[in-house]
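**Q** Have a look at this prediction, sequence included:
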Amino acid sequence: MSTLYIAGRWRTAASGETREITCPADGAVAVTVDEGGAADARDAVRAAREAFDVGPWPRTPAPERAALLSRIADRLERELDEVARLESLDTGKRHVEARIDMEDIVAVFRHFASLAQAEAGRVVDAGVPDVSSRVVTEPVGVCSLITPWNFPLLQTAWKVAPALAAGNTFVLKPSELTPQTSIWLVRALAEEGLPDGVANLVLGPGDTVGAAMTNAPEVDLVSFTGGLATGKTIMAAASTTVKKIALELGGKNPNVIFADADRDAAIDNALTAIFLDSGQVCSAGSRLVVEESIHDEVVDELVRRATAIRMGGPFDESAETGPLISDGHRAKVEAYVAAGIEEGAVLRCGGERPGGELAIGSYYPPTILDGCTSDMSCVQDESFGPVLTVETFAGDTRDAAEDAAIAIANDTIYGLTGAVWTQDAGRAERMARRLRHGTVWINDFHPYVPAAEWGGMKQSGIGRELGTAGLHEYQETKHIWHNTRPAPAGWFANPQD
Ligand code: NDP
C-alpha cells in the first residue's frame, strides 16, 4: 500500500524506504508505511503551490467547501470505531478514549463547516462619496501542517479543517510514530472530491520532511504543534521568507486548589487533570498548587487514588490508562523524575516501571512528587508523562493567599492552561483574570469546545486554534477600495494647465 499522497496520487517514497509502526502497548507491528524524505516533501509543496495558484479550490464557493467538511464529519461518524482502532494501535491509548477523540473531531469539522459560510467580510465607510470600501478575507496559500503523536487525528483536524474552510492547500506531516489516521483522513478527503494537489501527505522524520516543509519558499504558513525546542527551530526557519507561523508548544499547567474548594471534586479532577492519557497532554494539570492548610488531606488522597489506577493495553476494558508513546519517551520521563528527586522532591508514589504482563510495553505509572518549589526543573520543564508535582501556598489574609497562589501559578515560561478550585465566586473570577494562561477552568479541568479559541500565552505558542481565530489563522485580510467615479487626484500641478 502506497502511503504518501502527492498531487492526487498515492506513491511510495523516492528513496524506497519504509517504516514499521509499532503499538507501544506490546511492541507489535501495526502497519508498514512509506518513509518519505526531503525530496518527497519538496514535490508535495510544489503540488500544493500549483493547486493553490491555478487550481479551483481557493475559488470554490464557501458553501461547497463547507459541504466537503460536513461529508468528512459524516464519514468519520460512520467509520468511527475503525478509525479509533487505528489511533489506538499507533498511540497505545485506550480505544474508549480514542473514540472520544473521534467524536471531538466530528464536532471540529462541523464547526469549521459552519464558520466557512458565516464569514463574508465587511463593508467599511470610506468617508468620501462614490467609493465602496470593503474588507475581505482570502486564503493564506500553501500551508505546512506538522503534528505530534499524542492526539494525532485531533491535532490534525484542528489544522486541516480551518485550512480547507478558508480555501488553502496544504502538505501534512504527522508524527512519524502515528501516521495511520492521517492516511485515513487524506484518503477520505480525496474520495469525497477534494481536487488533486489540495491535500498532500508526506510521512517521515521531522528533521528531513518537516524541515523541508518549513524551509520551502513556496510555503506561506507553517502551523505546528509539538515541543518548544522544535517550535523555536521552526520559527527561525520560517523567518527566512517571513512565513506566517502558528505554534502550539505545550504547557506546564497549574491546578490551584484553595481550602474552600469542593474537596471531592477537586481531588478527583486533579487525577484526570494529570493522569488522563498518561499525562501526554499539552494542557495536563501537571502542577498541583494547593493551599497549605489542606495539603496533607489532598495529597494523601491523591496518592491513594493514583496508586490504584489500572494500566493496560488499548483493548483491555479493565484498564484506566495506557502506556507512554515509546520506550524513548519513557526514558525521558524517568530522567525527569530522577532529576526532581535529586533536587529534593519527595517521591510519594509511582516512579518505577511495572513488571509482569506490562513489562512488554512502554508503561510508566502515575507518579507524584511532593515538596516541590518553583525553582526545581521538575516544576519548570514539561515531563509530558504521568507525573504530578506538588507545591503549596499560604497567606494570612484573603488577598495574601490569592497573591501567593498567583505568584506560583504564573511562575513558568509557559501559559497554556490553568485551573482554580474555590467555592468563592469572587475569588474564582479574580484568579481567572490573573492567571496568564490561554484557557482557564474554574472548578473543572480539561473540557473544551470547538467554538472557543485554544492556544497559549508566553512560550506556549503563537496564535490560536479553534473558535473564529482558528479560522483567521488561515486567512489573509484584504482591503478593497473601489472608486466608482474616477477623477484626477489633482495633487501635483499639471504643467499644461
Ligand atoms: P516534536 O516537537 O519533536 O515533534 C512534533 C512534530 O514536529 C513531529 O511531527 C516531528 O516529526 C516534527 N519535527 C521534529 N523536528 C522538526 C523540525 N526540525 N522541523 C519540522 N518538524 C519537526 O515533539 P516530540 O514528539 O519529540 O516530543 C518532544 C516534546 O514535545 C515532548 O516531550 C513534549 O514535551 C512536547 N510535545 C508537545 C505537544 C503538544 O501538544 N504541544 C505534543 C507532543 C510533544 P517526527 O517526530 O515525526 O520526527
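**A** Looks like it arrived, so ask away. Numbering: from 1, shown residues only.

**Q** wait, what's in contact with the residue of the stretch 1-150 of the chain found nearest the ligand?
**A** With CB to the nearest ligand atom, the shortest gap between the stretch 1-150 of the chain and the ligand falls at P148, namely 3.4 Å. (C-beta placed from N, C-alpha, C; glycine too.) If you count contacts by CB atoms under 8 Å, 6 or more residues apart in numbering, P148 has them with 155, 175, 225-227.

**Q** what about 7 Å?
**A** Going by CB atoms under 7 Å, 6 or more residues apart in numbering, P148 touches 155, 175, 225-226.

**Q** Tell me the one among those nearest to the ligand.
**A** Proximity of the contacts of P148 to the ligand, judged by CB to the nearest ligand atom, is greatest for G226, which lies at 2.7 Å.

**Q** show me the contacts for that closest one.
**A** When contacts are counted by CB under 7 Å, 6+ apart, G226 touches 146, 148.

**Q** near the ligand, which residues of this protein?
**A** With CB under 6 Å from any ligand atom as the criterion, the chain meets the ligand at residues 146-150, 173, 175-176, 205-207, 210-211, 214, 225-227, 230, 233-234, 248-250, 282, 382, 384.

**Q** Can you flag which of the residues you listed belong to strands?
**A** Taking DSSP state E, the ones among those that sit in strands are 146, 173, 225, 248.

**Q** What subset of these is buried?
**A** Buried by 16 or more other CB atoms under 10 Å: 146, 173, 225, 248, out of those.

**Q** possible to save those as JSON lines with pLDDT?
**A** Shown next, in JSON lines, are these (pLDDT from 0 to 100):
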{"residue": "I146", "pLDDT": "98"}
{"residue": "K173", "pLDDT": "98"}
{"residue": "T225", "pLDDT": "98"}
{"residue": "E248", "pLDDT": "98"}
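
**Q** Now the two most distant members of those.
**A** The largest separation in those, counting by CB to CB, is between K173 and E248 at 15.1 Å.

**Q** what's the neighbour count on the residue of the stretch 251-400 of the chain found nearest the ligand?
**A** Nearest to the ligand, among the residues of the stretch 251-400 of the chain, is C282, at 3.3 Å (CB to the nearest ligand atom). For C282, the tally of surrounding residues (other CB atoms under 10 Å) stands at 26.

**Q** With A166 instead?
**A** Using other CB under 10 Å, A166 has 25 neighbouring residues.

**Q** One more: Y414?
**A** Residues lying near Y414 (other CB under 10 Å) number 28.

**Q** repeat for R187
**A** Count around R187 with other CB under 10 Å applied: 15.

**Q** if we can go back for a sec, leaving out the residues flanking it, which one is nearest to the residue of the stretch 251-400 of the chain closest to the ligand?
**A** Nearest residue to C282, sequence neighbours excluded (CB to CB, 6 or more residues apart in numbering): G250, at 4.3 Å.

**Q** doesn't S283 make contact with the one you found?
**A** No: the criterion here is CB atoms under 7 Å, and G250 misses it with S283 at 8.6 Å.

**Q** what's the pLDDT at D497?
**A** The confidence metric pLDDT takes the value 67 at D497.

**Q** wait, I meant P148
**A** Here the pLDDT value assigned to P148 is 98.

**Q** ok, now how distant is it from Q155?
**A** Plainly put, P148 is 6 Å away from Q155 if you go by CB to CB, to the nearest Å.

**Q** same question, M1
**A** Here the criterion is CB to CB. By it, M1 lies 24 Å from Q155.

**Q** and the two? which has more neighbours close in?
**A** Between M1 and Q155, Q155 has the larger neighbour count (other CB under 10 Å), namely 27 against 9.

**Q** What are the phi and psi values at the more buried one?
**A** Main-chain dihedrals, Q155, degrees, to the nearest 10: phi -70, psi -30.

**Q** repeat for the one 3 residues further on
**A** W158 adopts backbone torsions of phi -60, psi -20, taken as degrees, to the nearest 10.

**Q** Let me know whether it touches F109 as I believe.
**A** No: with contact defined as CB under 7 Å, W158 does not reach F109; the gap is 10.3 Å.

**Q** which residue sits closest to S283 in space, ignoring its chain neighbours?
**A** Of all residues not flanking S283 in the chain, T417 sits nearest, at 4.2 Å (CB to CB, 6+ apart).

**Q** how much space between that neighbour and L153?
**A** 21 Å.

**Q** Could you tell me which residues touch both of G250 and S283?
**A** In terms of CB under 7 Å, 6+ apart, G250 and S283 are both contacted by the residues L416.

**Q** Now for V29, how many residues are close by?
**A** V29: 10 neighbours (other CB under 10 Å).

**Q** pLDDT at it, what is it?
**A** At V29, the pLDDT value in this model is 97.

**Q** So for the longest helix seen in the chain, what gets flagged as buried?
**A** Under DSSP state H, the helix in the chain containing the largest number of residues is helix 95-118. By neighbour count with 16+ other CB under 10 Å, helix 95-118 contains the buried residues 95, 97-99, 101-102, 104-106, 108-113, 115-116.

**Q** still on that earlier bit, contacts only, for the residue nearest to C282.
**A** By CB under 7 Å, 6+ apart, the contact list for G250 reads 227-228, 282, 382, 414, 416, 460.

**Q** can you rerun that using 10 Å?
**A** 148, 150, 225-228, 231, 281-284, 382, 384, 414, 416, 456, 459-461 (CB atoms under 10 Å, 6 or more residues apart in numbering).

**Q** Ok, P447 next?
**A** 439, 441.

**Q** One more: A212?
**A** Contact analysis of A212 by CB under 10 Å, 6+ apart lists 36-45, 144, 171, 173, 202, 204, 219.

**Q** Highest neighbour count among those residues?
**A** Within those, S144 tops the neighbour count with 33 neighbours, counted by other CB under 10 Å.

**Q** List the beta-bridge partners for that residue.
**A** Beta bridges link S144 to V171, V222 when assigned by DSSP bridges.

**Q** Now that it has come up, it's in contact with T241, right?
**A** No: between S144 and T241 there is no contact under CB atoms under 10 Å: 11.9 Å.

**Q** just to revisit the earlier point, among the contacts of A212, which are located in helices?
**A** 38-45.

**Q** Can you tell me the closest non-neighbouring residue to T156?
**A** Excluding the flanking residues, the one nearest T156 by CB to CB, 6+ apart is T147, at 4.9 Å.

**Q** How about the contacts made by that neighbour?
**A** 153-160, 172-175, 178, 182, 223-226, 248 are the contacts of T147 under CB under 10 Å, 6+ apart.

**Q** Make a ChimeraX selection of the buried ones in those residues.
**A** Listed next is the ChimeraX selection for buried residues among the contacts of T147, using 16+ other CB under 10 Å:
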select :153,154,155,156,157,158,159,160,172,173,174,175,178,182,223,224,225,226,248
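
**Q** Tell me who's in contact with R187.
**A** When contacts are counted by CB under 10 Å, 6+ apart, R187 is found next to 3, 5, 10, 199, 201.

**Q** In terms of helices and strands, where is it?
**A** Using DSSP states H and E, R187 falls within helix 180-191.

**Q** now swap in M431 and tell me
**A** Element membership of M431 [criterion: DSSP H and E] is helix 425-434.

**Q** Buried residues of that helix, list them for me.
**A** Applying 16+ other CB under 10 Å to helix 425-434 flags 427-428, 430-431, 434 as buried.

**Q** got it, and stretch 190-197?
**A** For stretch 190-197, a neighbour-count test (16+ other CB under 10 Å) marks 190, 194, 196-197 as buried.

**Q** Now do that stretch: distance from first to last residue.
**A** 10 Å (CA to CA, to the nearest Å).

**Q** I'd like the mean pLDDT over it, please.
**A** Stretch 190-197 comes out at a mean pLDDT of 98.
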